[in-house]
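**Student:** sequence and predicted structure, then a few things I'm wondering about:
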Amino acid sequence: MFKVQEMRELIRLIDKSTINEFSYEKDDSKIKIKKTATGTTQVETPVVEVAPTIPAAAIAKAEPKKEKEVPADSVEDDAGIEEIVSPMVGTFYQKPSPESDPYVAVGDKVNDETIVCIVEAMKLFNEIEAELNGEIVEILVNDGDLVEYGQPLFKVKTK
């Protein structure tokens, strides 16, 4: 049976691709995703033996989030701006625990060993280091967002 998080990730990847129809089988479960002409995604999950129902709320939550629009004047000049990217696919967390303060905020100085976030992958919490020196000028993802390998997480002014 597919987990909701797996379905969300599949829907998000298909929406961002040029693929119009996708089918996938895992154990006794099968998922079929189709893009319509209007850009919406339909999900069908017939199951061979026992057909568990997926609540409509879970499918609605699986729809991809709208990308944040960044004002053009938020970063004046891209010269000297570098990005800290995700080294893996997983869930982005800005803080070590829900009660804690974020690792970094806009305006914070970082060095190559500064921990800037956690990316959870397969129930392992991986601390991500800045690996460069500078000042955080923009945080590009929200706490709890799914991130991909190589996806920019932060913009850092290095000069």
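**Tutor:** Looks like it arrived, so ask away.

**Student:** so which residues of the chain form helices?
**Tutor:** Secondary structure of the chain (DSSP state H): helices at 4-16, 56-61.

**Student:** of those, which shows the lowest average pLDDT?
**Tutor:** Mean pLDDT per stretch puts helix 56-61 lowest among the helices of the chain, at a mean of 48.

**Student:** list the residues that contact the closest residue to residue 139 other than its chain neighbours.
**Tutor:** In space, and not counting its chain neighbours, residue 139 is closest to residue 154: 5.7 Å by C-beta to C-beta, 6 or more residues apart in numbering. C-beta coordinates here come from the backbone N, C-alpha and C atoms, glycine included. Residue 154 makes contact with 83-84, 104, 116-117, 130, 136, 138-140, according to C-beta atoms under 8 Å, 6 or more residues apart in numbering.

**Student:** state the distance from the closest residue to residue 101 other than its chain neighbours to residue 154.
**Tutor:** Residue nearest to residue 101 in three dimensions, not counting chain neighbours: residue 95, with 6.4 Å by C-beta to C-beta, 6+ apart. Here residue 95 is placed at a distance of 14 Å from residue 154 (C-beta to C-beta, to the nearest Å).

**Student:** how many other residues sit next to the residue lying closest to residue 113 once chain neighbours are set aside?
**Tutor:** Among residues not flanking residue 113 along the chain, residue 129 sits closest, at 5.8 Å (C-beta to C-beta, 6+ apart). The local packing of residue 129 (other C-beta atoms under 10 Å) involves 15 other residues.

**Student:** find the nearest non-adjacent residue to residue 143, please.
**Tutor:** residue 94 (4.7 Å).

**Student:** how close does residue 106 get to residue 158?
**Tutor:** Residue 106 is 15 Å from residue 158, by C-beta to C-beta.

**Student:** next one: residue 118
**Tutor:** Applying C-beta to C-beta to residue 118 and residue 158 gives a distance of 23 Å.

**Student:** which one of these two is surrounded by more residues?
**Tutor:** Remark: of residue 118 and residue 158, residue 118 carries more neighbours, 20 against 12, as counted by other C-beta under 10 Å.

**Student:** got a list of what the nearest residue to the more buried one once chain neighbours are set aside touches?
**Tutor:** Spatial nearest neighbour of residue 118, chain neighbours left out: residue 93 (4.3 Å); criterion: C-beta to C-beta, 6+ apart. If you count contacts by C-beta under 8 Å, 6+ apart, residue 93 has them with 117-120, 125, 143-144.
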